[in-house]
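K.L.:
Let's see this in three dimensions:
(chains A and B)
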Amino acid sequence: GAVVSQHPSWVICKSGTSVKIECRSLDFQATTMFWYRQFPKQSLMLMATSNEGSKATYEQGVEKDKFLINHASLTLSTLTVTSAHPEDSSFYICSADRVGSYEQYFGPGTRLTVT
Amino acid sequence: AQTVTQSQPEMSVQEAETVTLSCTYDTSENNYYLFWYKQPPSRQMILVIRQEAYKQQNATENRFSVNFQKAAKSFSLKISDSQLGDTAMYFCAFMKQGPGGSEKLVFGKGTKLTVNP
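P.N.:
Numbers count the residues shown, from 1 in each chain, chains lettered A, B, ... in the order given. Below is the predicted model:
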């Protein structure tokens, strides 16, 4: 149990376009979902925290107008990278916590390449 | 703000031997959780072991155990009988205890562990 999926696993897009990444908790309901960004050989950097039905809370330095987060239900959160540029190329990882639990379960990540 | 420090960027160990990864953290919180995550080349984050700060007993999961020293704010991971599949990045992480559900994780920079045959 406690499986989190991400889609797509790898996406290539052209500079100036937008791309949406989905994060789903498959067998549990998640009160909170977290979005991380990871550059090669570096640690995970938290971008934002989202709760179902409310606005996401962004970490300092993260552009909320560029990284749009929608937490539509207790099993789905989406991250949209708007007007993507090559510097947005990175590995994006989501995590979700089970209702009533403090433990987070991680998705497999999405590799974004902007050309 | 909480910080997590992993002072060993890279480590290597021979198969079947024991290795210890270091982690220190800084916080003013009294109630929190500590975690060790493994990230193999697939980049899937895998929970290795967790420790609740209020528990004095060190957590153990099969070949993995921790040495939790709350006063020293130290949380090291010991891997016994190392296996080739243990080769991965290991991240130490801190989470303060919130009113309900989970809070954000604060990660260290990671330690790249290589198990040699």
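
K.L.:
which residues does the most centrally placed residue in chain B contact?
P.N.:
For chain B, the residue nearest the mean C-alpha position is residue B:36 (2.8 Å; CA atoms, centre = their mean). With contact set as CB atoms under 8 Å, 6 or more residues apart in numbering or on different chains, residue B:36 has these partners: B:21, B:23, B:47-50, B:64, B:66, B:75, B:77, B:90-93. All C-beta spots, glycine's among them, are computed from the backbone N, C-alpha and C.

K.L.:
State the helix or strand in which it lies.
P.N.:
strand B:32-39 (DSSP states H and E).

K.L.:
cool, and residue A:72?
P.N.:
Residue A:72 belongs to strand A:67-73, assigned by DSSP H and E.

K.L.:
Give me the contact list for that strand.
P.N.:
A:33, A:35, A:47-48, A:50-54, A:56, A:58, A:77-82.

K.L.:
Would you tell me which residues of chain B are close to chain A?
P.N.:
B:33, B:37, B:42-47, B:50, B:91, B:95, B:97-98, B:100-110 (CB under 8 Å from any CB of the partner chain).

K.L.:
Where do the strands of chain B begin and end?
P.N.:
Counting by DSSP state E, chain B has strands at residues B:3-5, B:10-14, B:19-21, B:24-26, B:32-39, B:46-52, B:60-61, B:64-69, B:74-79, B:88-96, B:106-107, B:111-116.

K.L.:
Can you add mean pLDDT and distance to residue A:10 and give those back as CSV?
P.N.:
Compiled in CSV, those are given as follows (pLDDT from 0 to 100; distance: least, CB to CB, whole Å):
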stretch, mean pLDDT, distance to residue A:10
strand B:3-5, 97, 29
strand B:10-14, 97, 27
strand B:19-21, 98, 30
strand B:24-26, 97, 34
strand B:32-39, 96, 17
strand B:46-52, 95, 20
strand B:60-61, 96, 32
strand B:64-69, 98, 31
strand B:74-79, 98, 31
strand B:88-96, 96, 20
strand B:106-107, 96, 23
strand B:111-116, 98, 23
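
K.L.:
any idea which residue of chain A is furthest from its center?
P.N.:
residue A:100 (21.3 Å).

K.L.:
now do the same end-to-end measure for stretch B:9-24.
P.N.:
Terminal residues of stretch B:9-24 lie 14 Å apart, using CA to CA, to the nearest Å.
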